[in-house]
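**Q** generate a structure from the sequence data that follows.
(one chain, ligands or ions: 2)
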Amino acid sequence: MTETERPTEAGTAPTAWDSVVPRSGEEPPTDRRTAGPGSGPPVPVEELPYELVGRPEPPPVPNGWYAIAPSADVGPGQVLSIVAVERELVVFRTAAGEVSVVDAYCPHLGAHLGGGTVEDGSLRCPYHGWRFDTTGRCVEIPYAEGRIPERACVPSYPVLEQDGMVLFWFHAGGAAPEYEVPLVDERGASGWSEAIEFRSELVASLQDMAENNVDYTHFRFVHGRATLDASTSQFTTDGPFSTVVERFDDDGLTFTRYTWGPGLALLRVPGFMTVHTATTPIDRRHVRLLWNFYLPDATVAVADEIIDGVTGAHGLLADVPIWRDKIFRSRPLLVKGDGPVTEFRRWYEQFYAGR
Ligand code: FES
Ligand SMILES: [Fe+2]
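**A** Ligands and ions are numbered 1, 2, ... in the order given. Okay, the predicted model is just below:
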């Protein structure tokens, strides 16, 4: 008997298997978790697909500016299909260089505009050739005479292009942009490297990732650092911006993280590095990272070590399984020494307006 065959003869004692697998003639299941005791070798935990059923929903996608792509990925005439903020989106750039972000589905018969072509400052749908300008308004129906219907629009998003990224504004209630995104001083400045890109996609809720920065006690257990002395650290807010300063006693480095809404931040470690981090929710459980490292002349020779320190086994990768497996507790049990998680949440609440 192979490991996936089941005994079917009369008299076989029923097992947990019997309640989930019909008895005769069917394909054996491929998911061995349902096979019950003794049905095969144990499957290592890391090979099991994740089952999120039964976990509480993470918080919804917050309102804010997010990166949708590096500018260099969207050349003139290019069209990209990207899933972000729980939507299917299409990004395109006209020959004149203007970039636009729109919902993916054509208002006509629903074709995906990601298969379209850029023509004459607009995006032509691949199905029946309707054309939409960079604001999403239909400007041509090639075979219909008379006026273009008012409703022939595809929803579009405000766009900003700066610091090598195409940013778009998402607001669940449809409100206009509520803040400006600061510029990165180090970009293009003398004495600093070009941007060194790091990209990744993770199973994580955006708020969990952001909260990590004010979670002082995890640095010891997850990252093997000295526990942060909360008295040397500060969390301050200013409207949609917040700043956290953290000093680590083991190496004397001071990390200052400027957070610009839920999707963008700048981490400065003087004399060492500046990291411009764009973290975009794909949906409530997944994020896409587009991080640009800028290194001063003093550390550019050890760029690989620095980037690995931030993103590798002692940095980001150490957080990954925690974020992947945790739930979001809306009423966490906090104690003295936990860091300003409550203050952080109070500040973050503003990004859920309009729901
Ligand atoms: S579906 Fe887009 S033009 Fe018909
Ligand atoms: Fe962390």
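**Q** adjacent strands (with direction) for the helix or strand where L123 lies?
**A** Taking DSSP states H and E as the definition, L123 sits inside strand 122-124. According to DSSP bridges, strand 122-124 forms sheet pairs with strand 117-119 (antiparallel), strand 131-132 (antiparallel).
**Q** which other residues reach the shortest one?
**A** Contacts of strand 131-132 from elsewhere in the structure, counted by CB atoms under 8 Å, 6 or more residues apart in numbering, are 102, 113, 119-120, 122-125, 138-140, 142, 153-154. C-beta coordinates here come from the backbone N, C-alpha and C atoms, glycine included.
**Q** just the buried ones among those, please.
**A** With burial judged by 16 or more other CB atoms under 10 Å, the buried subset of those is 102, 113, 122-125, 138, 140, 153-154.
**Q** what about ligand 1: which of those residues touch it?
**A** C125 (CB under 6 Å from any ligand atom).
**Q** re earlier: give me the residues contacting the strand holding L123.
**A** By CB under 8 Å, 6+ apart, the list of residues contacting strand 122-124 reads 79, 90, 92, 94, 100, 102, 113, 116-118, 130-134, 139-140.
**Q** which among those residues count as buried?
**A** 79, 90, 92, 94, 100, 102, 113, 116, 118, 130-134, 140.
**Q** is A210 in a helix, a strand, or coil?
**A** Going by DSSP: H, G, I helix; E, B strand; the rest coil, the secondary structure assigned to A210 is helix.
**Q** now do the contacts for it.
**A** With contact set as CB under 8 Å, 6+ apart, A210 has these partners: 259, 262, 279, 344, 348.
**Q** one more time with 10 Å, if that's ok
**A** Under the criterion of CB atoms under 10 Å, 6 or more residues apart in numbering, the contact list for A210 reads 62, 242, 257, 259, 262-263, 265, 279, 344-345, 347-348, 351.
**Q** on that earlier part again, nearest to ligand 1 among the buried ones among the contacts of strand 122-124?
**A** Proximity of the buried ones among the contacts of strand 122-124 to ligand 1, judged by CB to the nearest ligand atom, is greatest for W130, which lies at 3.8 Å.
**Q** wait, which of the strands paired with strand 122-124 is closest to S330?
**A** Taking CB to CB, strand 131-132 is the member of the strands paired with strand 122-124 nearest to S330, at 40.0 Å.
**Q** is the closest one positioned near ligand 1?
**A** No: applying CB under 6 Å from any ligand atom, one finds strand 131-132 out of contact with ligand 1, separated by at least 8.8 Å.
**Q** tell me how the protein divides into domains.
**A** Under the assignment automatic domain parsing, the domains of the chain span 64-170, 196-352.
**Q** make JSON lines from the ones you listed and add distance to A189 and mean pLDDT to it.
**A** Below are the domains of the chain laid out as JSON lines (distance: least, CB to CB, whole Å; pLDDT from 0 to 100):
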{"stretch": "domain 64-170", "distance to A189": "12", "mean pLDDT": "97"}
{"stretch": "domain 196-352", "distance to A189": "8", "mean pLDDT": "93"}
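**Q** distance to V181 added to those, as CSV?
**A** As requested, the domains of the chain are exported to CSV (distance: least, CB to CB, whole Å):
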stretch, distance to V181
domain 64-170, 5
domain 196-352, 6
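**Q** now the helix or strand encompassing V90: buried residues?
**A** According to DSSP H and E, V90 maps onto strand 87-93. For strand 87-93, the neighbour count (16+ other CB under 10 Å) marks 87, 89-93 as buried.
**Q** got the CA positions of it in PDB?
**A** Listed in PDB are the C-alpha atoms of strand 87-93, where the atom choice follows Å, rounded to 0.1, in the frame of the first residue of the first chain:
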ATOM      1  CA  ARG A  87      -7.700  46.300  -5.500                       C
ATOM      2  CA  GLU A  88      -6.500  45.500  -8.900                       C
ATOM      3  CA  LEU A  89      -4.800  48.500 -10.300                       C
ATOM      4  CA  VAL A  90      -3.200  49.600 -13.500                       C
ATOM      5  CA  VAL A  91      -0.300  52.000 -13.800                       C
ATOM      6  CA  PHE A  92       0.700  53.600 -17.100                       C
ATOM      7  CA  ARG A  93       2.900  56.300 -18.300                       C
END
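**Q** whether that strand contacts ligand 1 - can you check?
**A** No: using CB under 6 Å from any ligand atom, strand 87-93 stays clear of ligand 1, coming no nearer than 11.9 Å.
**Q** direction included, what does that strand pair against?
**A** Strands flanking strand 87-93 in the sheet, each with its direction: strand 79-84 (antiparallel), strand 99-103 (antiparallel) (DSSP bridges).
**Q** out of those strands, which is the most enclosed?
**A** When neighbours are counted by mean count of other CB atoms under 10 Å, the highest per-stretch mean among these falls to strand 99-103, a mean of 23.
**Q** show me how far that strand is from its chain's centre.
**A** Between the centre of strand 99-103 and the centre of its host chain there is 18 Å, according to CA atoms, centre = their mean, to the nearest Å.
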